[in-house]
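Asker: next come a sequence and a model predicted from it.
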Amino acid sequence: MLRKTANAPLDQLNTLGFAAKASWLVKAEQPNELPEIFDFALSQQLPVFPLGGGSNVIFQGDLKALVLQQQAQALSWPEIEPDELILSVPASYSWQQLVLDTTNKGYFGLENLALIPGQAGAAPIQNIGAYGVELADSLQAVEGYWLPEKSQPAKFAIIDAKDCALGYRDSRFKQDWKGRFVITALQLQLSKQADPRLNYADLKARLAIKLDLATKKQQPEFLNQPLPRLIAEVVSELRRSKLPDPAKLANAGSFFKNPVITKQQAEELLTLFPKMPHYPATNGCKLAAAWLIEQCGFKGAKRGSVGVHEQQALVLVHNGGGTAQDLLALAEEITTAVKTRFNVQLEREPELVNL
C-alpha cells in the first residue's frame, strides 16, 4: 500500500519556506514502488515531481502534481574496505551524512563537497561543486527509472556518467531528460590514496593553521583523523562562516551561478575594474557573481520579507511571510543592475516550480 497524502502542505519540505500544497504527496519506501506510483499519477492525470531535500527549488504556488519523495535507506559497505571503492548510494541519502561516512573511513573524493544541503539524488542534476571539486570527478553511473513515453515503455536503467553531460551546475537531467528520469541511486568511485584538492587558498591556509595548532597543542584526537575528514571539517567551517543555515534562516543556497564570459569581454571589464575576481574556465573566463552583486550595492539589502544575506551576496533569504514573487522580484532587480553595470547576465540556480 502506497503512503500517500492528498492536498499535502510543502512548507516544511522546501528550505525557502514558501507556502504551497501538492495534489498528492507519495513516499516511496523502495525503488520497486515507482511503477505503481506512476500508474497512480496517471490515473489522477497528474505529472510527477520528484522532491529531495527541497534545498534547490522555488515553489511559486500550489502544485497540481504528485510530489514523490524517496525514503531514506542505509548505505551498504563491503566487509573488507578496499583502497579503491565503487559505492552505491541511495538517492534519498543525506549528502552531508554521505560526506561524513566516506571521509571518516578515509576515502577521498567528497571531502571538498562537505555541508552542501540536500540528498544524494539531487547531486547529478546540478553537478554540485565546491572548492575546485565537482560531483563529476567521482560519479561513475546513475541508477534510476525511465518514465513511459510514446517511443519507449517505463523501465529501470543504469546510465554511465559520461552520458549525463555533466557541466558547470548542469546536466542532461536539467535539460532533455528533465521530467523523464527519476534517480534512485548513484555509483561513486572513491579512493583511500591521498589526492587532496587544495587549490583554493583559503582552504589550504585554514587547513595548515589547524594542523599547526593541533601539533603545538598536542591534540592527537584531531591529528589522528583521516586527512579527508580533516579537509571536510575545514570546508564545513568555511561554508558555515559564509552561508546561513537553512534551518535557521530560510534560503536556497547560492541563488545565482558564477557567470562564464568570453576572454575578450573579461579583458575589457578588467580595464574598467582591475580588482574584479576572475578565474579560467573551459570556454572562457568565470566571474564571481557575489562580487558583481556586491559592487551593485545589494549585499545585506532588504525588500520586505526577503533580502540578500549580510555575509554572502549570492544568497537570497526569506525572513517569513513572503512569497516566491517577492523573491523573484528582488532577483530581477539584482539581475538588471548587474547587467546594466557590467553587461553580464546572471542566471538563477534554484529550479522554479510552477505545475
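Answerer: Happy to help now that I have it. Numbering: from 1, shown residues only.
Asker: next up, the contacts around the nearest residue to Phe181 once chain neighbours are set aside.
Answerer: Among residues not flanking Phe181 along the chain, Gly144 sits closest, at 5.2 Å (CB to CB, 6 or more residues apart in numbering). Heads up, the C-betas are built off the backbone N, CA and C, glycines and all. Gly144 is in contact with 91, 156-157, 159, 181-185, counting by CB atoms under 8 Å, 6 or more residues apart in numbering.
Asker: let's see it at 6 Å
Answerer: By CB atoms under 6 Å, 6 or more residues apart in numbering, the contact set of Gly144 is 181-184.
Asker: now render the residues you listed as CSV, adding distance to Tyr200, secondary structure and neighbour count.
Answerer: Output for those, formatted as CSV (distance: CB to CB, whole Å; DSSP: H, G, I helix; E, B strand; the rest coil; neighbours: other CB atoms under 10 Å):
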residue, distance to Tyr200, secondary structure, neighbour count
Phe181, 33, strand, 19
Val182, 34, strand, 23
Ile183, 29, strand, 25
Thr184, 33, strand, 24
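Asker: closest to Leu166 out of those residues?
Answerer: Ile183 (13.1 Å; CB to CB).
Asker: list the contacts of that closest one.
Answerer: Neighbouring residues of Ile183 by CB under 6 Å, 6+ apart: 91, 121, 142, 144.
Asker: run through the bridge partners of it.
Answerer: Beta-bridge pairing for Ile183 (DSSP bridges): Gly144.
Asker: for Leu147, which non-adjacent residue is spatially closest?
Answerer: Arg180 (5.4 Å).
Asker: Thr5 - how many residues pack around it?
Answerer: Close neighbours of Thr5, defined as other CB atoms under 10 Å, add up to 12.
Asker: kindly report the same for Leu13.
Answerer: 19.
Asker: now the closest residue in space to it that isn't next to it in sequence: which helix or strand?
Answerer: Counting by CB to CB, 6+ apart, Leu13 lies nearest to Gly54, which is 4.8 Å off, once chain neighbours are set aside. Using DSSP states H and E, Gly54 falls within no helix or strand.
Asker: for this structure, which spans come out with low pLDDT?
Answerer: The model of the chain has pLDDT under 70 over residues 222.
Asker: tell me the domain boundaries of it?
Answerer: Domain assignment for the chain by automatic domain parsing gives 3-70, 75-242, 250-353.
Asker: run the chain-centre distance for the longest one.
Answerer: Same thing as domain 75-242. Its chain's C-alpha centre and that of domain 75-242 lie 11 Å apart, by CA atoms, centre = their mean, to the nearest Å.
Asker: ranges for the strands of the stretch 101-250 of the chain?
Answerer: Secondary structure of the stretch 101-250 of the chain by DSSP state E, counting those that start in this stretch: the strands cover 129-130, 133-134, 139-146, 155-160, 181-191, 250-254.
Asker: how about the residue sitting nearest the centre point of the chain, what does it touch?
Answerer: Taking CA atoms, centre = their mean, the centroid of the chain lies closest to Ile128, which sits 4.9 Å from it. Listed by CB under 6 Å, 6+ apart, the contact set of Ile128 reads 116, 135.
Asker: mind checking how far Leu287 is from Lys299?
Answerer: As judged by CB to CB, to the nearest Å, Leu287 and Lys299 stand 16 Å apart.
Asker: more crowded one of those two?
Answerer: More neighbours surround Leu287 than the other of Leu287 and Lys299, with 24 against 18 (other CB under 10 Å).
Asker: quick check: closest non-adjacent residue to the more buried one.
Answerer: Nearest to Leu287 is Pro259, by CB to CB, 6+ apart, at 5.2 Å.
Asker: equivalent analysis for Ser92, please.
Answerer: Nearest residue to Ser92 in three dimensions, chain neighbours excluded: Gln70, at 4.1 Å (CB to CB, 6+ apart).
Asker: next, count neighbours for that neighbour.
Answerer: 26.
Asker: contacting residues for it?
Answerer: By CB under 6 Å, 6+ apart, the neighbours of Gln70 are 28, 91-92.
Asker: try 8 Å
Answerer: When contacts are counted by CB under 8 Å, 6+ apart, Gln70 touches 27-28, 31, 50, 52, 90-92, 121, 184.
Asker: and if you look at Gly167?
Answerer: Contacts for Gly167 were tallied using CB under 8 Å, 6+ apart; they are Asn127.
Asker: distance check, it against Leu46.
Answerer: 31 Å.
Asker: isn't Cys296 right next to Ala337, touching?
Answerer: Yes - counting by CB atoms under 8 Å, Cys296 does reach Ala337; the two are 4.2 Å apart.
Asker: between the two, tell me which one has more neighbours.
Answerer: For the pair Cys296 and Ala337, the greater number of neighbours falls to Cys296 (20 against 17), based on other CB under 10 Å.
Asker: name whatever forms a beta bridge with Ala6.
Answerer: Note on Ala6: beta-bridge partners by DSSP bridges are Trp24.
Asker: correct me, but it touches Phe40?
Answerer: No - between Ala6 and Phe40 there is no contact under CB under 8 Å: 11.6 Å.
Asker: right, I'll call it a day here.
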